[in-house]
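S.K.: Give me the fold of what follows.
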Amino acid sequence: MEKRIILFLVLAMAVIVLYPYLLEKMGIAKRPVPASKAVPASALPQLAQTAAQVPPPAKASATIPAQGLVAEREREVTVETDLVKVVFSNRGGVIKHWELKRYQNTDPKQPKPIQLVPADEKGVTLIPPLTVEVLDAKLQERMAKGLYVVSGKDLSLSEGEPAGEIGFSYADPETGAQVTKSLTFHHGSYLVDLTVETSGVSSSTPLSLGTNFGIHEWQEGFVGFIGPATNSGGKLDKATPDKEDLRSGQVKWAAMQDKYFLAAAIPADAVPHIGVVRKEGERLVSVGLRTPAVPGAVASRYRLFVGPKEYDTLAALKIELEETIDFGWFIYGSWSFVRAVAKPVFYAIRHLHDLTHNYGVAIIIVTIGIKLLLAPLAYKSYKSMKDMAAVQPELMALQKKYADDRDRLNKELIKLYKDKKVNPVGGCLPMFFQIPIFVALFNILYMTIELRQAPFMLWVKDLSVQDPYYVLPILMGVTMFIQQKIQPTTMDPKQAQIMLLLPVFLTFLFVTFPAGLVLYWLTNNVLTITQQVVTDRYLLPKTRAAATAPAAK
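M.R.: The predicted structure follows:
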């Protein structure tokens, strides 16, 4: 019984990681395809206040003056804060570059700030961020390629100059249609205030975030979603349509995201919006917000959030944008019970990091805390395994005696367990508690930007990726082998020798896991070995220990 349960648990752990991969290889399903604190603590209350207050819609002018809305030449405008560096082009009044100054790519030789506007590819037309769309194709082309008049100049914001505004205006020479985009940047904030005014446009005017804006790297992985995300009618939708999908209801935001970064358009007025999600091509998706068609001039107000998916920063906005961080992944889906475990563990690790300034040390301390919390259960489990080992001769005698009568064998085994007061599954309970914690840490290490590029010590420079020299997986395999050797068992010697192959299998499996996850399992193994030695030598009654059958060699 114990042998079967242990094998089941091992297979369950393997399924957690390999199940999506097998589905993809068999063609049954596709994996979710993915396409230092960045905000000071002092800035969070300001972010929350800004997001919580929805300003009234700005009154649109009866007419937007057409004079002076013709630029003479193409030019770029740069806005720089302590967090971002943004480059605009007056051709179309769009964003050309958006750098996050406090985050760098993973290139060890030439680290550069994260760039969230994708580069143009040969033969592929990408929609630039802040494109205003109209139904008239010719007008759309002129608005996209026309030279906008720039109001304002290059901005360099600081505590002495905490806010700055820049604007772009265009008047179509053929139809008289006009559009103005005004953006206000803030020092110490990833939020940008945006107002878009249109006049002389009879159709609705979607504001597009552009193709793949907010996606730094589109890479495949079991955990983490890359692509569009919308919150409409209180429902989070991460689906990518075959062509175009319109999402109505009370739209809180529309966004593009990868594992660690996000670009979101947030309505900031009472005007109803429709979320527009459009597939532009393979790994090419755009999202936007569409306003209804209204006669005359229309002014729409938005807030843009373009930055890292830091949980506290997103939660402070109070619009459920933090739900883009999926703590609940488990076997090709999202589960509430996994989130219920992952979030407290994440809070604990982050709090301990504030004290120790090392996420690896924080993981070790959390592992010790979990081990102490489960210590009473572990003691009962170890005692149950010793008791089962003690009754092993009688159990084998019953199996031999009633080998041809399974019903009678089951009744005699139940009677034996009852008379000897042993529980055949008692030794497996701690493993059941370890699995959700294991999955929770798996999600935390893969999904949270706080652990991205977080060093531990010596050769471990990033806990969110695998150990480059395989030291931690090998040590984990060695400790698992020692743990099996000293653990009481009811298996016969041949079966016990076969089970010793389990550490080898898990070592190869853990080689590809994040170093932080392997560190957790290694620490847990060391603590389990210590606990078993202490329990066996000092806690269990000596008479019981003497009567216990030795572990298989």
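
S.K.: so where do the helices sit in the stretch 401-550 of the chain?
M.R.: Along the stretch 401-550 of the chain, counting by DSSP state H, counting those that start in this stretch, helices occupy 406-420, 429-447, 471-486, 493-499, 502-510, 515-534, 542-547.

S.K.: ignore the last one, the stretch 101-250 of the chain
M.R.: 137-145.

S.K.: Show the low-confidence segments of it, by residue range.
M.R.: Along the stretch 101-250 of the chain, segments meeting pLDDT under 70 span 219-224.

S.K.: Tyr170: neighbour count?
M.R.: 26 (other C-beta atoms under 10 Å). For every residue, glycine as well, the C-beta is placed using N, CA and C.

S.K.: Check Ile166 too.
M.R.: Neighbour tally, Ile166, other C-beta under 10 Å: 20.

S.K.: Distance-wise, check it relative to Lys380.
M.R.: 66 Å (C-beta to C-beta, to the nearest Å).

S.K.: again with Ile364
M.R.: For Ile364, the distance to Lys380 - C-beta to C-beta - is 25 Å.

S.K.: Looking at the two, which one has more neighbours?
M.R.: A count of neighbours by other C-beta under 10 Å puts Ile364 above the other of Ile364 and Lys380, at 21 against 15.

S.K.: residues touching the closest residue to the more buried one other than its chain neighbours, list them.
M.R.: Among residues not flanking Ile364 along the chain, Thr523 sits closest, at 5.2 Å (C-beta to C-beta, 6 or more residues apart in numbering). Listed by C-beta atoms under 8 Å, 6 or more residues apart in numbering, the contact set of Thr523 reads Ile363, Ile364, Thr367, Ile368.

S.K.: so which of those residues is the most crowded?
M.R.: Ile363 (28 neighbours).

S.K.: Now do the SS call for that one.
M.R.: Of the three states, Ile363 takes helix according to DSSP: H, G, I helix; E, B strand; the rest coil.

S.K.: Then Leu304?
M.R.: Leu304 - assigned by three-state DSSP - is strand.

S.K.: Quick check: chain neighbours aside, which residue is closest to it?
M.R.: Leaving aside its sequence neighbours, Leu304 is closest to Val192 (4.3 Å, by C-beta to C-beta, 6+ apart).

S.K.: if I look at the one you found, how far off is Val251?
M.R.: To Val251, Val192 is 18 Å away according to C-beta to C-beta.

S.K.: more crowded one of these two?
M.R.: Neighbours per residue (other C-beta under 10 Å) separate Val192 from Val251, with Val251 holding more: 21 against 18.

S.K.: The more buried one contacts Asp269, doesn't it?
M.R.: No. Applying C-beta atoms under 8 Å as the test, Val251 and Asp269 come out as separate, 11.9 Å apart.

S.K.: Give the residues shared as contacts by these two.
M.R.: Joint contacts of Val251 and Asp269 (C-beta under 8 Å, 6+ apart) do not exist.

S.K.: tell me, how many neighbours does the closest residue to Glu161 other than its chain neighbours end up with?
M.R.: In space, and not counting its chain neighbours, Glu161 is closest to His187: 7.4 Å by C-beta to C-beta, 6+ apart. Neighbourhood size, His187 [other C-beta under 10 Å]: 17.

S.K.: Make sure His187 is actually in contact with Val84.
M.R.: No. Using C-beta under 8 Å, His187 is not in contact with Val84; the gap is 10.4 Å.

S.K.: Quickly run through the sheet partners of the helix or strand containing Val86, with directions.
M.R.: Taking DSSP states H and E as the definition, one finds Val86 inside strand 84-89. The pairing partners recorded for strand 84-89 under DSSP bridges are strand 76-80 (antiparallel), strand 94-104 (antiparallel).
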